[in-house]
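In: sequence? don't have it. structure:
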Ligand code: ATP
């Protein structure tokens, strides 16, 4: 099996080769950490967004969706704390001149210790065979316990010093752990400094009157400033949620790992407004609900884990990440944050406007608490795409590359082929396309041998291939081939729509939640 680095390289090149993701402005050698979604990628991204929107907005009577502007009044970002506190600790290596996020250097160090734990587990699993109990091994093996304790101690200290803004201690930790620059191998580090991640721009024509603006670094604030507008016009009763998807911008220090960390990306966020005191209950509810949403897509139960935060952001009283097993290890995919009444109170203070809710049951007004779920659409794309890509060895020894995207998300649902380019077969195939395209994104292909066309669609992630042959003329039947099983069945043309619908319908998938 290919190692993780190779697998990740394959993901990136496959995404380009099959029209999913291109580097931005590639003809000018690209722009660092900015990407374009291509013809298939745009469809996949849209399908993920729709899958989220359906589950979040359409299926919940008490959640509505909005679409706020990217530009916001600059005071928004003072109120939200982003002007003062939206920064990452950075450190430079004096020899390689490379810039790193200090916290990430320490976390990567811990990931290496974690890899040692995984090795111990794998070794023991081999030794004990079927009798192996992983949970018991992890909680009793002295070596594993030692490693785990080391990780816990390091992360605890990192969390503490970041919370206290003690950047000198973050540097001391890096030095004590003898962390070296991966590029130069040297331990010649600068001090740790804070770096604000917001992009600034200007609104207005003349230099004197222009107003300094920021590109929003998160979509959440567009929801907070509209809290009362939506509550009043929608006559919403607490608890209720406001959802939104849209672009966000961050001048990330270290942008790498393809679309995992970008400078322009898209978020899918939902702010749930609740009564103060109920935050623990709703935190647990949304943790569980969001994990179920992820699992409904069938990417593998073992590929998710929660990571509760040691260091809480300035607005949170509890926070957890849903981490996913990317080709480069477990990393944050979605954040769930209990944000208290921090945001609404700040906006009240800075705007001078009341942002309160009148509770008819209690006959009293209060500032609601907020529970937030925030997921990166691009990260979700990467999770789905990297999980789907595989090389399969077939019975005859040949290897096929297949992109086993969840059918509900696949850009193209079915490809239709005439077996040969004559005898009226293309006309029938094109008529099938005309009929199916009202319901599904479909694709016509008549080039090359049919086996080659199947392989192309396998690699493209298309769940069904439909072939029109000479028998079709007589019986109005075609063969339908399934991407994952490669099984072919003869079915009536009139049945096609229902067969495809059953496997790609959002309802069928979301019902698994
Ligand atoms: P990280 O710790 O990875 O920088 P974060 O904790 O700052 O992420 P949040 O502010 O909680 O992220 O944003 C919510 C979600 O937005 C994240 O879970 C992630 O999926 C996505 N996200 C954040 N930053 C980026 C980025 N630079 N590129 C792509 N997606 C991002």
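Out: Alright, I've got the coordinates. Predicted model only: the values in this text are computed from it and were never measured.

In: residues near the residue in the stretch 101-250 of the chain positioned nearest to the ligand, how many?
Out: Residue nearest to the ligand within the stretch 101-250 of the chain (C-beta to the nearest ligand atom): residue 250, separated by 5.0 Å. Placement of C-beta: from N, CA and C, glycine included. As a burial measure, residue 250 scores 22 neighbours (other C-beta atoms under 10 Å).

In: distance of it from residue 65?
Out: From residue 250 across to residue 65, the span is 23 Å (C-beta to C-beta, to the nearest Å).

In: Quick one: distance of the helix or strand containing residue 271 to the chain centre.
Out: Under the criterion of DSSP states H and E, residue 271 resides in strand 264-274. Remark: strand 264-274 is offset 12 Å from the chain centroid, using C-alpha atoms, centre = their mean, to the nearest Å.

In: What of stretch 345-355?
Out: That offset, for stretch 345-355, works out to 32 Å (C-alpha atoms, centre = their mean).

In: again with stretch 189-197
Out: The answer for stretch 189-197 is 27 Å, by C-alpha atoms, centre = their mean.

In: Check the gap between the nearest residue to the residue of the stretch 101-250 of the chain closest to the ligand once chain neighbours are set aside and residue 354 for me.
Out: Sequence neighbours aside, residue 197 is the residue nearest to residue 250 in space, at 4.5 Å (criterion: C-beta to C-beta, 6 or more residues apart in numbering). As for residue 197, its distance to residue 354 is 31 Å (criterion: C-beta to C-beta).

In: Neighbour count: those two, which is higher?
Out: The residue with more neighbours, out of residue 197 and residue 354, is residue 197; 15 against 11, by other C-beta under 10 Å.

In: from memory the more buried one sits against residue 251, does it?
Out: Yes - the pair residue 197 and residue 251 passes the contact test of C-beta atoms under 8 Å, sitting 5.1 Å apart.

In: Residue 453 - that's part of a helix, no?
Out: Yes - membership of residue 453 in a helix is supported by DSSP: H, G, I helix; E, B strand; the rest coil.

In: How many residues are close by it?
Out: Neighbour number of residue 453 under other C-beta under 10 Å is 18.

In: does it really touch residue 459, like I thought?
Out: No - counting by C-beta under 8 Å, residue 453 does not reach residue 459; the two are 11.1 Å apart.

In: Now do the helices in the stretch 51-200 of the chain.
Out: 75-79, 82-85, 102-128, 134-140, 142-163, 167-176 (DSSP state H, counting those that start in this stretch).

In: With mean pLDDT and mean neighbour count added, can I get those helices in JSON lines?
Out: Output for these, formatted as JSON lines (pLDDT from 0 to 100; neighbours: other C-beta atoms under 10 Å):
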{"stretch": "helix 75-79", "mean pLDDT": "95", "mean neighbour count": "18"}
{"stretch": "helix 82-85", "mean pLDDT": "89", "mean neighbour count": "15"}
{"stretch": "helix 102-128", "mean pLDDT": "93", "mean neighbour count": "15"}
{"stretch": "helix 134-140", "mean pLDDT": "90", "mean neighbour count": "11"}
{"stretch": "helix 142-163", "mean pLDDT": "94", "mean neighbour count": "15"}
{"stretch": "helix 167-176", "mean pLDDT": "96", "mean neighbour count": "16"}
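
In: The strand holding residue 271 pairs with which strands?
Out: Looking at strand 264-274 with DSSP bridges, its partner strands are strand 240-249 (antiparallel), strand 369-376 (antiparallel).

In: Let me see the confidence value for residue 445.
Out: Looking at residue 445, its pLDDT stands at 97.

In: and it, how many residues sit next to it?
Out: 18.

In: For the ligand, see how far away it is.
Out: Going from residue 445 to the ligand by C-beta to the nearest ligand atom, to the nearest Å gives 34 Å.

In: now do residue 441
Out: 26 Å.

In: Hmm, that residue is touching residue 43, no?
Out: Yes - the pair residue 441 and residue 43 qualifies as a contact (C-beta under 8 Å) at a distance of 6.3 Å.

In: Near the ligand, which residues of the protein are found?
Out: 218, 250, 252, 261-262, 265, 267, 332-335, 374-376, 378-379 (C-beta under 6 Å from any ligand atom).

In: try 5 Å this time
Out: 250, 252, 261-262, 265, 332, 335, 374, 376, 378-379 (C-beta under 5 Å from any ligand atom).

In: Not including adjacent chain positions, what is the nearest residue to residue 444?
Out: Closest to residue 444 by C-beta to C-beta, 6+ apart is residue 433, at 5.1 Å.
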